[in-house]
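Enquirer: next come a sequence and a model predicted from it.
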Amino acid sequence: MPKAETAHRQTLTGLPARLAGLTGWRRVLLLSLLGAGAAVALPPFHVLLLLIVAFVPLFWMIEAAARIRGAFWTGFWFALGHFTFGLYWIAHSMLLDPLRFGWMIPFAVCGLAALLGLFVGAAAAITRAWPWPGASRAIVFAIAWVVAEWGRSWVMGGFPWNLIAYSWAAIDEMMQPAALVGAYGLGFVTVLAATMPATIASADARVALGRRLRPTLFAAALLALAGGFGIWRLAGADIVMVPDVTLRIVQPGIPQTLKNDPAARQANFERHRTLTLETPGFERITHVLWPEASVPYLIEREPGIGAFLASAVPPGGYLLAGAVRGEPDSGTIERIFNGLSAIDPNGVRVATGDKFHLVPFGEYVPLRAWFPFIAKVTPGSLDFTPGPGPVTVRLPGLPAFSPLICYEVIFAGDVVDDTDRPDWLLNLTNDGWFGISTGPHQHFAAARFRAVEEGLPLVRAANTGISGVVDAWGRIVLRTGLGDEAVVDSGLPTALPATPYARWANLAPVLLLLAALVVATLGARRH
């Protein structure tokens, strides 16, 4: 170990030294608890102070690791607690049919947490490998954390759930920097501000306290600047509705156990129409929105389905419903898609939007040739086929929209067709898979961030919640309760001009991270 690094480790005293000296199960337990604590800062809890409580000890333990390998495992155990607690709700979908899928719970929850932990472990290893300790290394840690978040957004199909920036979803002003640098850029500022206080104790005690405080004060100022930008951006940001458009969002509140029951399929289907037509004010509606998988039949193959759907379509408007679509329209089905269908007053499907980010093991089995004994959780033996990517649907009398099915809305920078910018985002989902848990709250928060990033309003129709309308600044115009049966009517907020993030996508946070890396390098050399 270089002498400079040895000398730096020897400066740790008191609590930092005790934490760094933990070994064995005590170290693993503490790191897992710290990771779980950081998850409490995420929706729906938003206990933001716990980010500092979690990241400061984590940074001390990474810095004090004798080897890069030790730093990797430090990050891994932290992440295991973080993602196990944050994603526990995945087990609920397995318990809907415990005899078939109950055995998968440890693999689905802990296995996924361990897989995601590899990314955080790599971030910790990169942090420890950085040759300069202190504030410079804290900057690198924040960079590495965000790069890890970006990495898990595309590796093996991607799962960018619970980005650290979503901690700010309870504060509209703090969400606004995402319009510039996206959730990844805001995540960098968040991790930096939460980690930098660790450098006060880990810096050389012979250095004056005022000088040791400078990096932390700089990080706090950067966070304050982000908040100030949000206050400025929302000042005078009034909600303006698109004229002559009134949406009816139907949330039937069907429990997933009933949703999966073949005997209840027809009753579930009819429930959507009943709620649509019997809720007062239908004569004022121009468009009706039903959630994901609300049409459980193949429209072209079932006589009478078109006429049934037409009865729920407002005159001159459309029904936008989640529906399964098979190809070809007749004969043996070769491919099946989960997506949106736009139904006109004649009961004809006039537009579609197929889901392009499929849920592994939910809608298809990865490497099925290797795992023929594993069944997907959704009904049916045929794996779904992914659509071509974000599309813009254009219908007469309705602003163009980008349909996003279920968790497609969590993929930052991949929710619109860049060559044909829409006017709003439509998210159809069925969060009934996750019951009354933190999962739907996390999903709704992620959806709101896409509105901020793109400068586009977002409308959400969910089977069991949370449904709602979000304006182009990510502010909630209206929302339903989780698990409720509800029908809500709303206007459609207008779009903003394309934000910097909408124009540059993830180039914006990349430039921010590169600038931070330059600061970390120059600052370390100067020191």
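Expert: Great, that's in hand.
Enquirer: hang on, Ser167 packs against Leu51?
Expert: Yes: in this structure, Ser167 is within contact of Leu51 by CB atoms under 8 Å, at 6.5 Å. (Glycine included, C-beta is placed from N, CA and C.)
Enquirer: neighbour count: those two, which is higher?
Expert: With neighbours defined as other CB atoms under 10 Å, Ser167 and Leu51 compare such that Ser167 has more, 27 against 21.
Enquirer: how is that one assigned, secondary-structure-wise?
Expert: The local conformation at Ser167, judged by DSSP: H, G, I helix; E, B strand; the rest coil, is helix.
Enquirer: could you measure the closest residue to it other than its chain neighbours against Thr74, distance?
Expert: Distance criterion CB to CB, 6 or more residues apart in numbering; nearest residue to Ser167, sequence neighbours excluded, is Ala41 at 4.4 Å. Distance, Ala41 to Thr74, using CB to CB, to the nearest Å: 20 Å.
Enquirer: same check, this time on Leu275
Expert: 51 Å.
Enquirer: check Gly230 too.
Expert: Using CB to CB, Gly230 is found at 33 Å from Thr74.
Enquirer: when these two are compared, which one has more neighbours?
Expert: Thr74 (28 against 23).
Enquirer: need the contact list for that one.
Expert: By CB atoms under 8 Å, 6 or more residues apart in numbering, the contact list for Thr74 reads Arg27, Leu31, Leu58, Met61, Ile62, Ala65, Gly121, Ala124.
Enquirer: show the model's pLDDT score for it.
Expert: Here the pLDDT value assigned to Thr74 is 98.
Enquirer: before we move on, what about Val365?
Expert: The model's pLDDT for Val365 equals 65.
Enquirer: same question for Ser381.
Expert: Looking at Ser381, its pLDDT is 62.
Enquirer: low-scoring pLDDT stretches of this structure, where are they?
Expert: 1-12, 202-208, 362, 364-381, 525-527 (pLDDT under 70).
Enquirer: which stretches in it count as strands?
Expert: Taking DSSP state E as the criterion, the chain carries its strands at 241-251, 287-289, 318-327, 335-343, 349-354, 393-395, 398-405, 424-429, 458-462, 468-470, 476-479, 486-493.
Enquirer: how is this structure carved up into domains?
Expert: The record's domain parsing of the chain by automatic domain parsing lists 3-235+506-526, 241-493.
Enquirer: distance to Pro500 for these - can I get that in JSON lines?
Expert: Listed next are the domains of the chain as JSON lines, based on distance: least, CB to CB, whole Å:
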{"stretch": "domain 3-235+506-526", "distance to Pro500": "5"}
{"stretch": "domain 241-493", "distance to Pro500": "9"}
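Enquirer: from Gln176, how far off is the nearest residue to Trp473 once chain neighbours are set aside?
Expert: Leaving aside its sequence neighbours, Trp473 sits nearest to Ala237 (CB to CB, 6+ apart; 5.5 Å). To Gln176, Ala237 is 9 Å away according to CB to CB.
Enquirer: check which residues of the helix ranked longest in the chain are buried.
Expert: Ranked by number of residues, the top helix in the chain under DSSP state H is helix 209-234. By 16 or more other CB atoms under 10 Å, the buried positions in helix 209-234 come out as Arg212, Leu213, Pro215, Thr216, Phe218, Ala219, Leu223, Ala226, Phe229, Gly230, Arg233.
Enquirer: which one is Val469 nearest to, not counting chain neighbours?
Expert: Val477 (4.2 Å).
Enquirer: what of Glu292?
Expert: Nearest one to Glu292, counting by CB to CB, 6+ apart, is Gly322 at 3.7 Å.
Enquirer: for the one you found, give me its contacts.
Expert: Contacts of Gly322 (CB under 8 Å, 6+ apart): 290-295, 338-341, 405, 428, 430, 461.
Enquirer: quick check: it vs Cys406, distance?
Expert: Going from Gly322 to Cys406 by CB to CB gives 9 Å.
Enquirer: go on, Arg421?
Expert: Per CB to CB, Arg421 is found 22 Å from Cys406.
Enquirer: do Ser136 as well
Expert: Distance from Ser136 to Cys406, counting by CB to CB: 41 Å.
Enquirer: how many neighbouring residues does Val147 have?
Expert: 18.
Enquirer: go ahead and confirm it touches Leu513.
Expert: Yes: assessed by CB under 8 Å, Val147 is found in contact with Leu513 at 7.2 Å.
Enquirer: and the end-to-end length of stretch 55-72?
Expert: From its first residue to its last, stretch 55-72 covers 15 Å (CA to CA, to the nearest Å).
Enquirer: just the buried residues of it, please?
Expert: Neighbour-count burial for stretch 55-72 flags 55-65, 70-72 (criterion: 16+ other CB under 10 Å).
Enquirer: which single one of those residues is nearest to Pro328?
Expert: Phe72 (50.1 Å; CB to CB).
Enquirer: hey, where'd the helices end up in the stretch 51-200 of the chain?
Expert: Assignment of helices within the stretch 51-200 of the chain using DSSP state H, counting those that start in this stretch yields the ranges 68-86, 90-95, 98-101, 105-106, 112-129, 135-151, 172-175, 178-195, 198-202.
Enquirer: now do the longest one against helix 135-151, angle only.
Expert: Helix 68-86 runs at 50 degrees relative to helix 135-151, counting by axes from the mean of the first three to the mean of the last three CA atoms, to 10 degrees.
Enquirer: so how far is helix 68-86 from its chain's centroid?
Expert: Computed by CA atoms, centre = their mean, to the nearest Å, the chain-centroid distance of helix 68-86 equals 20 Å.
Enquirer: TSV for the buried residues of stretch 55-72, including distance to Thr190?
Expert: Formatted as TSV, these follow (distance: CB to CB, whole Å):
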residue	distance to Thr190
Phe55	9
Val56	14
Pro57	17
Leu58	14
Phe59	14
Trp60	19
Met61	20
Ile62	17
Glu63	20
Ala64	23
Ala65	23
Gly70	26
Ala71	21
Phe72	23
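Enquirer: nearest to Pro345 among those residues?
Expert: Closest approach to Pro345 among the buried residues of stretch 55-72 (CB to CB): Phe55, at 55.4 Å.
Enquirer: contacting residues for the closest one?
Expert: So Phe55 contacts Ala38, Val191, Ala194, Thr195, Ala198 (CB under 8 Å, 6+ apart).
Enquirer: tell me the one among those nearest to Val452.
Expert: Lowest distance from Val452 to those (CB to CB) belongs to Val191, with 18.9 Å.
Enquirer: and for the closest one, the neighbour number?
Expert: Val191 has 27 nearby residues by other CB under 10 Å.
Enquirer: that one and Glu408, how far apart?
Expert: In terms of CB to CB, Val191 sits 26 Å off from Glu408.
Enquirer: again, but for Ala293
Expert: Counting by CB to CB, the gap from Ala293 to Glu408 is 14 Å.
Enquirer: OK, contacts around Asn346?
Expert: Applying CB under 8 Å, 6+ apart, the residues near Asn346 are Gly306, Ala310.
Enquirer: could you measure it against Leu358, distance?
Expert: For Asn346, the distance to Leu358 equals 31 Å [CB to CB].
Enquirer: do the same with Ser136
Expert: Taking CB to CB, one finds Ser136 at 41 Å from Leu358.
Enquirer: before we move on, what about Val487?
Expert: 29 Å.
Enquirer: in terms of neighbours, single out the busier of the two.
Expert: Neighbour totals were compared for Val487 and Leu358, and Leu358 leads with 23 against 19 (other CB under 10 Å).
Enquirer: residues touching Phe218, list them.
Expert: Counted by CB under 8 Å, 6+ apart, Phe218 has contacts Met196.
Enquirer: could I get the buried residues of helix 209-234 as TSV with distance to Gly413?
Expert: Converted to TSV, the buried residues of helix 209-234 look like this (distance: CB to CB, whole Å):
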residue	distance to Gly413
Arg212	38
Leu213	36
Pro215	30
Thr216	31
Phe218	28
Ala219	25
Leu223	23
Ala226	19
Phe229	20
Gly230	20
Arg233	20
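Enquirer: tell me the one of the residues you listed nearest Ala17?
Expert: Nearest to Ala17 out of the buried residues of helix 209-234 is Arg212 (CB to CB; 16.7 Å).
Enquirer: was I right to think that closest one contacts Thr199?
Expert: Yes: the criterion here is CB under 8 Å, and Arg212 meets it with Thr199 at 7.1 Å.
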